[in-house]
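Trainee: curious how this folds, go ahead:
(one chain, ligands or ions: 2)
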Amino acid sequence: MARRSLHLFRDLYRSRDPFPKPFLQNPIATLLHPAISSALLQRRSHAFAAPPPPAMQNPKPSNGSGDENKSPTFHSSLNEAEVAKFSAIAETWWDFEGPFKPLHLMNPTRISFVRSTLCRHFKKDPYCARPFQGLKIIDVGCGGGILSEPLARMGATVTGIDAAEKNIKIARIHAASDPLTSSIEYICTTAEELVKGNKKFDAVISLEVIEHVADTLEFCKSLAALTAPTGATVISTINRSVRSYATAIIAAEYLLNWLPKGTHQWSRFLTPEELVLILQRASISVQEMAGFVYNPLTGEWSLSDDTSVNFIVFGTKGSE
Ligand SMILES: C[S@@+](CC[C@H](N)C(=O)[O-])C[C@H]1O[C@@H](n2cnc3c(N)ncnc32)[C@H](O)[C@@H]1O
Ligand SMILES: [Mg+2]
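Mentor: Residues are numbered from 1 along each chain as shown. Ligands and ions are numbered 1, 2, ... in the order given. This next block holds a predicted model:
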């Protein structure tokens, strides 16, 4: 790996492209190069921009006011190849021993972060049964509804959106079996499409999605546009660190077979600093951050200060 890194450095300085693709895929080279973070930000914002999205199967959302044309234009952050990966295994969303087992195991921990940060922000009692009563929350990239359902059980009015129609179908069927979750509105669309309908939510939550989009800045701008002026945005993802290469890719995909091989591309991960900067550019200021750590002895996840692999951020609009 070290030798490969040296070759990549040599190629880097000979190349006209300041960051050739193999360089971006090499963890050691990336960590060693001081300018890599800002270059990656630039590259993610511009060079990786996706082609125009295919027409979604649902009609464009509309608030009926007829002023859709006044809303800002957001380019699609959709990466169709990434969405296809999830569509291919849509039937397994609610198989607790299947490819989404890590998300099921992580769910109580991430819900506890969401619950405490949102309750603090919206001055709700975190100890009552339905602390999110009265809040409109959107789960962007909801998959089969692993997060949407507990949000609804905690009293929120939930909208779940996902770019894959198959995921939405599974989510609808699963939610329909429980009166507490059957009110969830599931739509096959992207955040960018929904922005065109001038929709606003008290909280915009997108967990484990940003590492699968084509343009992180556009994606965050769409999340910001969906967030009400006094609302909150929560995002979780995986850090681009040597540890994440070893655990989230080598161990999870190749040694333990927790995830299908190729689920994640290490170069698409964001460091916490990069995510904070991107959100800042999208007018969201990060107020709280936590890491998730896995205990292999108990098989449980917990919140931690260690953000070296999985982490989650809570932000608010503007400079609040
Ligand atoms: C790793 S799964 C996370 C699912 C869910 N957020 C959770 O944590 O339980 C990523 C999901 O994001 C969806 N997705 C990826 N890019 C998207 C985009 N640009 N817009 C909407 N959904 C997207 C995929 O189809 C997939 O269901
Ligand atoms: Mg992921």
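Trainee: for residue 93, see how far away the residue positioned nearest the centre of the chain is.
Mentor: Nearest residue to the geometric centre of the chain (CA atoms, centre = their mean): residue 209, 2.8 Å. Using CB to CB, to the nearest Å, residue 209 is found at 14 Å from residue 93. C-betas here are computed from N, CA, C, even on glycine.
Trainee: re earlier: could you list which residues are in contact with the residue nearest to the centre of the chain?
Mentor: Going by CB atoms under 8 Å, 6 or more residues apart in numbering, residue 209 touches 140, 141, 219, 235, 237.
Trainee: and the last one, what pLDDT?
Mentor: You'll see residue 237 listed with a pLDDT of 98.
Trainee: quick check: it touching residue 276?
Mentor: No: judged on CB atoms under 8 Å, residue 237 makes no contact with residue 276 at a distance of 11.9 Å.
Trainee: tell me which of those two has more neighbours.
Mentor: residue 237 (25 against 17; other CB atoms under 10 Å).
Trainee: could you verify that residue 232 is part of a strand?
Mentor: Yes: under DSSP: H, G, I helix; E, B strand; the rest coil, residue 232 sits within a strand.
Trainee: for it, what are its contacts?
Mentor: Contacts of residue 232 by CB under 8 Å, 6+ apart are 117, 118, 121, 122, 202, 203, 204, 314, 315, 316.
Trainee: for those residues, give me a markdown table that also has secondary structure, distance to residue 292 and neighbour count.
Mentor: Output for the contacts of residue 232, formatted as a markdown table (DSSP: H, G, I helix; E, B strand; the rest coil; distance: CB to CB, whole Å; neighbours: other CB atoms under 10 Å):
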| residue | secondary structure | distance to residue 292 | neighbour count |
| --- | --- | --- | --- |
| 117 | helix | 14 | 22 |
| 118 | helix | 17 | 25 |
| 121 | helix | 20 | 19 |
| 122 | helix | 23 | 16 |
| 202 | strand | 24 | 20 |
| 203 | strand | 19 | 26 |
| 204 | strand | 20 | 28 |
| 314 | strand | 14 | 23 |
| 315 | strand | 18 | 28 |
| 316 | strand | 22 | 20 |
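Trainee: save those as a markdown table, and put in pLDDT and distance to residue 295 too.
Mentor: Listed next are the contacts of residue 232 as a markdown table, based on pLDDT from 0 to 100; distance: CB to CB, whole Å:
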| residue | pLDDT | distance to residue 295 |
| --- | --- | --- |
| 117 | 98 | 23 |
| 118 | 98 | 26 |
| 121 | 98 | 29 |
| 122 | 98 | 31 |
| 202 | 98 | 33 |
| 203 | 98 | 29 |
| 204 | 98 | 30 |
| 314 | 98 | 23 |
| 315 | 98 | 28 |
| 316 | 98 | 31 |
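Trainee: from those, which is closest to ligand 1?
Mentor: Using CB to the nearest ligand atom, residue 204 comes nearest to ligand 1 of the contacts of residue 232, at 12.1 Å.
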